[in-house]
Every structure is written in structure tokens, then in C-alpha cells.
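*Asks:* need coordinates for the following:
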Amino acid sequence: MSARQFQRQVGITRYETAFQILHKLRAGMVRPDQDRIGGRPGEHVEVDETLVGGRTRGRGRGVHRMVTVAGAVEVRWGKRKQRGGRYAGRVRLSVANRTGDTLGSFVKAAVLPGTAVITDGWKGYDIEKWGYPHLPITVRGQPHVAEMYLPIIHLVFSNLKTWLRGIHHGVSPHHLQAYLNEFVFRFNRRFNPLNSFRSLMGIAGGATAPTYKALYSGLWEHPRIFDNFEPFMTP
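*Replies:* Predicted coordinates:
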């Protein structure tokens, strides 16, 4: 729920207090030793990036302050009729940019080496030399190609944007990573929702939460999955 709704339901006087409590919980939704996705025989990972709009209040109509979000999702196979039997496994999301170093760092931190990776044809995904079997697909201006080769990550992005707009009505760029962390935590546990609380308590016990001052001064940096990895620089 949004901080405003949380404030009303719990009966908290100040919005800022409700906002801080929720961010303390989100800070405990990223394990420092988080597993990398992929690695299952016969399966692959889709990787792409999208633009997410920032807050629009006071800035007129439309979406402003767009932020690049990189995403990776395991593509698993089942008996479902939609999308040829493909469905989403685990997902990873991070605020990023479109440079090769940043996208490479994201892939390195998110995906297990040796996993087959499908991306669009953007030159920033130069990952073959790092041990990733790579299939780049040219999808620009061809929606049917994207639906054929990258349907699952686009579905994840669609769900993410619907959640941000429907529940939070816009998120500031500085705090977007915290909401991505919450989305990933909930998405990856959607088949086992009863374990989410226990998992959160276990992770949060060893996590550092933001103070009120750091959260509102801009000094607090929300944890990302590749903060603990070395930069993915060209050798």
C-alpha cells in the first residue's frame, strides 16, 4: 500500500513517519548475498531496460523525469497456453543507464555465468566475452518480434508500471530503487506468499535501515543488487 494509505489505516499523525517505516521494511528486502538467477538446464534469461516516469505533481500533465530501469527474468516452461507455455521465474530489477559498463554490471550481478541470455540489439549488451551465451534480437519498431523473443520481461515491466501508477501514483527518481526492491521481493514470492513475512524478518535482522535524516536529506542510497560487485569494465 502507499504511505498515505498506511498512515490512515494505522493512525499515524505524520506522513513522514509512515513513509520512513515503509522504507525501513523495503531496506530489508534485498539480501547482500542475493543469488544470481538462471543456471537451470534448458532455460534462459531475458534482459532488457525500460523507462519509468517520476513524480508528476506540480509539473503539469504527462510523465516527467524518466528513469532507466534494467530488468532480468528467468523464462520457465510449463503447461500454460499463454505465450507458448512460458512464464516468469525469478526477476531482478535495478535503476541503471544504457551504458555498456552499467548494463554489463547488472547482468554480471543478476545472472549466473553460463546462462543463455536474450536481449535486444543494443550494443551495450556486449556480454559474450564474459561467459554468457548471448542472442541479441533487433526489435526496434517491430512489436511482434519483441512479443516473440522478449515477452516475459515486457510483461514484468508492464506489471511494475501498473503497480507504481495504481498504488503509489508516481514515485520520485531518488526513491525508485526502494520500490523496485519491494516489487522484486513480492514477485519472487508470489507462489509462496505465506513465507514472505518470515523471509523479510530473516533478511531485515542483518540489514541497515535508513534514518529519518538520511532518508529526507538524500544521503541514503537504497540498496541495489550490484552494489557489492566489481564494476563490469571492459578489460
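
*Asks:* list the residues that contact the residue nearest the centre of the chain.
*Replies:* Most central in the chain under C-alpha atoms, centre = their mean is Leu93, positioned 1.9 Å from the mean C-alpha point. Contacts for Leu93 (C-beta atoms under 8 Å, 6 or more residues apart in numbering) come out as Val69, Ala70, Gly71, Val156, Leu160, Leu180, Asn181, Phe183, Val184. The way it works is simple: take the backbone N, C-alpha and C, and place the C-beta from them, glycine included.

*Asks:* got TSV for those, with pLDDT too?
*Replies:* Below are the contacts of Leu93 laid out as TSV (pLDDT from 0 to 100):
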residue	pLDDT
Val69	95
Ala70	95
Gly71	96
Val156	96
Leu160	96
Leu180	95
Asn181	94
Phe183	96
Val184	95
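
*Asks:* could I get those as CSV with distance to Ala3, neighbour count and secondary structure?
*Replies:* Converted to CSV, these look like this (distance: C-beta to C-beta, whole Å; neighbours: other C-beta atoms under 10 Å; DSSP: H, G, I helix; E, B strand; the rest coil):
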residue, distance to Ala3, neighbour count, secondary structure
Val69, 21, 20, strand
Ala70, 26, 27, strand
Gly71, 24, 24, strand
Val156, 24, 23, helix
Leu160, 18, 21, helix
Leu180, 16, 29, helix
Asn181, 15, 23, helix
Phe183, 16, 19, helix
Val184, 19, 22, helix
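
*Asks:* what pLDDT does Arg90 get?
*Replies:* Arg90 carries a pLDDT value of 95.
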